[in-house]
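Q: Can you look at this prediction? I've put the sequence above it.
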Amino acid sequence: MGGRNGLAGKDSLPQQKAESYQVAAPVARRRPEKAGLPKRRAFITLFDKVRGARLERLTMSSVSTRLGVLCLAVHAACAGGFPVLSETGQPFSFAVLGDLHLSRPAFEARQTVDAIAAAAREAQPPLAFVCQTGDLAHGEAEGHKQLDRAGMVEELTVAVGCVTQSFGAPLFVAVGNHDKHAGGAPYRETVLPALARQLNAPLAQTYYAFRYGNACFIFLDYGDYSKAGTGMDYAAQRRFLEETLAQARADPGIRHVFAFGHYPLWPVVRPGFGSDRFTASVVPAFVQTPVDAYFCGHTHNSGAWVRRVDGVPVTQIKGVAMDKSAPLRPMEESRTSLIPRAELDYGWGVLSGPTNGFYLVSVEGPRVRVQFRSGRTVLREFAWQEPGKISDTVAPAPRPAEAVTDDALRQAAAATLVFTPWTEMRAELSVLVNGEKVGDVRLDPMPHWAAYATETRIKLPPESLKRLRAVNEIVIQNPGNALFGLGNVRLDVKLAGGATVRSAVADRFWLSAEQPQAAARHSSTLGWEIIPPGVLNTVKLGEPLGPISLAFPR
């Protein structure tokens, strides 16, 4: 996730276990020109020396004794232009881990890695490798201060070694924004060589592809963290993606294509946590040549969605490993979807992730099966044989809607209006519920990364409770002509009997001016830029926002 919301690390060095993490390369096998050619085996281990992070070669016996790694046969010759790790016709599985943010000095997230690995190693069909969707390392000290080069080398080296050793399997990574701290050079110096050894092929870019069995795997670079950027060549990556997809589809042995990246194609409930440039550079290729799924992270949410783009289904699956919440709360109970419902063929999501959360993906001939897991526990399972045509095979029981009557609402013990704001200037506002003023609220300036993220709660006065009803109208007055936005608006009501009910969340975001009016005042227009037009309402500057309709189940 952005350098805005991750766990902050410490400045001191790791005191234990840093030297024990190693990365084993696969057994290398060149594609034979004819039968009977000898096999060449090479074992290379990345040995973490905390400060120096130097590479040492280990013998075959030391690798097998200390790691017990799963070795993959890799063809140096490339079919369709990318390395072939295996031509097995047997079913196989792979694990997908979201944001890990492994950080010094204690690298606490390795406990999560160990727990996930213990569960994944029991997979049937057998686990072939691990995919990680970025922010492998945290790369920050207290106060979101980026680590220097030495600190990033240390964290990335320990992170790669930790995951590889815990799983006993090769690791493939999509670069995250935290992984690019210290200018991105440490990632190129530590992670790319490890990836190249797993691929048994040179790797100069942070995007790459390979084949395993009947599937092609494509790892993409999300690009630039800010508009200033790091010189990402989106056009070059798009050419690589289009060529790889064309080669994969031309190969009769490839039935499935999986893509991986850090940023989502579309944020679902976290405005601003995406990249229009990245999305615009890759989605057209996914529309032209559909893929089975795109796996990502960054927003620290979990879920799966199928969105139709020009009539073509594009599947996005998001996850996070290092965050957890209990109970898992469905997104729709407290957040407005940034993807219009009319464009979704399939979708579910939770605001965070489960303890030891990951996806276990099994490829069984024409069928793909995905388990959303908390360690060994399967929370959800879904499958498909054609991209976008997903069906649930294991799903949690739907949460029953708590129907409520007008009389019960009028007798409520308490009620709270909840919303998430955005503003970069102080805003003094008045709140009306069903035509009656219930209070005033002051919004203070916030950093960009906090836009529409933190809940503001306004408790309704007791005398206003009798005006509540099944469908309520909220109006926000703006007497000071402030520039601000509101999202995720809902009502929480405590009934007389003690139960708490929630209204449905408003299906739109609201902004206090039209974007040109804000730009004319030389103000930031971030609040407009990060909300898709399909879920955005604006008013003229100074006009009240609303009415915003909030309904309870009946």
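A: Nice, thanks for sending it over.
Q: so is residue 518 in a helix, a strand, or just coil?
A: In three-state terms, and counting by DSSP: H, G, I helix; E, B strand; the rest coil, residue 518 is helix.
Q: Report the buried residues of stretch 400-408.
A: The neighbour-count check on stretch 400-408 (16 or more other C-beta atoms under 10 Å) flags 404, 408 as buried. In short, each C-beta sits where N, CA and C put it, glycine included.
Q: swap in stretch 120-136?
A: 120, 123, 127-136.
Q: can you check stretch 487-501 too?
A: Of the residues in stretch 487-501, 487-493, 495, 501 count as buried by neighbour count, 16+ other C-beta under 10 Å.
Q: thinking again about what came up before, so of the buried residues of stretch 120-136, which ones are in strands?
A: 127-132 (DSSP state E).
Q: from those residues, which single one is nearest residue 101?
A: residue 132 (11.3 Å; C-beta to C-beta).
Q: The closest one touches residue 174, doesn't it?
A: Yes: counting by C-beta atoms under 8 Å, residue 132 does reach residue 174; the two are 7.1 Å apart.
Q: what angle sits between the lengthiest helix in the chain and strand 127-132?
A: In the chain, taking DSSP state H as the definition, the longest helix is helix 149-167. Angle, helix 149-167 to strand 127-132, by axes from the mean of the first three to the mean of the last three C-alpha atoms, to 10 degrees: 150 degrees.
Q: Packing partners of helix 149-167?
A: strand 22-24, strand 45-47, helix 109-120, strand 127-132, strand 171-173, helix 185-199 (3 or more C-beta pairs under 8 Å, 6 or more residues apart in numbering; DSSP states H and E).
Q: Mean pLDDT and distance to residue 361 added to the ones you listed, as JSON lines?
A: Below are the helices and strands packed on helix 149-167 laid out as JSON lines (pLDDT from 0 to 100; distance: least, C-beta to C-beta, whole Å):
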{"stretch": "strand 22-24", "mean pLDDT": "40", "distance to residue 361": "22"}
{"stretch": "strand 45-47", "mean pLDDT": "30", "distance to residue 361": "26"}
{"stretch": "helix 109-120", "mean pLDDT": "96", "distance to residue 361": "11"}
{"stretch": "strand 127-132", "mean pLDDT": "98", "distance to residue 361": "8"}
{"stretch": "strand 171-173", "mean pLDDT": "98", "distance to residue 361": "13"}
{"stretch": "helix 185-199", "mean pLDDT": "96", "distance to residue 361": "18"}
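Q: Of those, which stretch is the most buried?
A: strand 22-24 (a mean of 26; mean count of other C-beta atoms under 10 Å).
Q: that older thread, of the buried residues of stretch 120-136, which pair is most distant in space?
A: Longest span within the buried residues of stretch 120-136, C-beta to C-beta: 123 and 135, 24.0 Å.
Q: count of neighbours near residue 445?
A: 11 (other C-beta atoms under 10 Å).
Q: And the one 5 residues further on, by the same measure?
A: One way to gauge burial is a neighbour count; for residue 450, by other C-beta under 10 Å, it gives 15.
Q: what does residue 478 give?
A: 20.
Q: Now for it: which residues touch it?
A: 427, 429, 484, 512, 541-545 (C-beta atoms under 8 Å, 6 or more residues apart in numbering).
Q: swap the cut-off to 10 Å and go again
A: For residue 478, the contact set (C-beta atoms under 10 Å, 6 or more residues apart in numbering) comprises 427-430, 484, 512-513, 539, 541-545.
Q: Pull up the distance across stretch 396-416, start to finish.
A: 29 Å (C-alpha to C-alpha, to the nearest Å).
Q: when you give positions from now on, start the count at 740
A: All right, first residue 740 from here; so that's stretch 1135-1155.
Q: Quick check: mean pLDDT of it?
A: Mean per-residue pLDDT for stretch 1135-1155: 90.
Q: So what sits opposite residue 957 in the bridge?
A: Assessed by DSSP bridges, residue 957 has beta-bridge partners residue 948, residue 998.
Q: Roughly how far does it sit from residue 946?
A: 8 Å (C-beta to C-beta, to the nearest Å).
Q: Overlap in contacts, these two.
A: Between them, residue 957 and residue 946 share the contacting residues 913, 979-980, 983, 999-1000, judged by C-beta under 10 Å, 6+ apart.
Q: Mind putting these into CSV with distance to residue 838?
A: Shown next, in CSV, are those (distance: C-beta to C-beta, whole Å):
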residue, distance to residue 838
913, 11
979, 25
980, 23
983, 25
999, 13
1000, 13
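Q: Of those residues, which is the nearest to residue 950?
A: For those, the nearest to residue 950 is residue 983 (10.1 Å; C-beta to C-beta).
Q: just checking, that closest one is part of a helix?
A: Yes: counting by three-state DSSP, residue 983 is located in a helix.
Q: For whichever strand or helix holds residue 1024, name the packing helices and strands.
A: Assigned by DSSP states H and E, residue 1024 falls within helix 1015-1027. If contacts are counted by 3 or more C-beta pairs under 10 Å, 6 or more residues apart in numbering; DSSP states H and E, helix 1015-1027 sits against helix 973-989, strand 995-999, strand 1032-1035, strand 1041-1048, strand 1051-1057.
Q: repeat that for 8 Å
A: Against helix 1015-1027 (3+ C-beta pairs under 8 Å, 6+ apart) you get helix 973-989, strand 1041-1048, strand 1051-1057.
Q: angle of the longest one against strand 995-999?
A: It stands for helix 973-989. 160 degrees.
Q: Show me which residues of helix 973-989 are buried.
A: Residues 973, 976-977, 979-980, 983-984, 986-987 are the ones in helix 973-989 that count as buried (16+ other C-beta under 10 Å).
Q: quick one: average pLDDT of that helix?
A: Mean predicted confidence for helix 973-989 is 96.
Q: just the shortest one next, same as before
A: Within the predicted structure, the mean pLDDT of strand 1051-1057 is 98.
Q: Report all helices and strands that that strand contacts.
A: helix 1015-1027, strand 1032-1035, strand 1041-1048, strand 1083-1089.
Q: now swap in the first one and tell me
A: Counting contacts by 3+ C-beta pairs under 8 Å, 6+ apart, helix 973-989 packs against strand 947-951, strand 954-958, strand 995-999, helix 1015-1027.
Q: gap between that helix and the chain center?
A: 23 Å (C-alpha atoms, centre = their mean, to the nearest Å).
Q: go on, the shortest one?
A: Relative to its parent chain, strand 1051-1057 has a centroid offset of 13 Å by C-alpha atoms, centre = their mean.
Q: hmm, who's touching it?
A: Counting by C-beta under 8 Å, 6+ apart, 835, 837, 1003-1005, 1007, 1022, 1025-1026, 1029-1036, 1038, 1040-1047, 1084-1085, 1088, 1098, 1109, 1126-1129 sit against strand 1051-1057.
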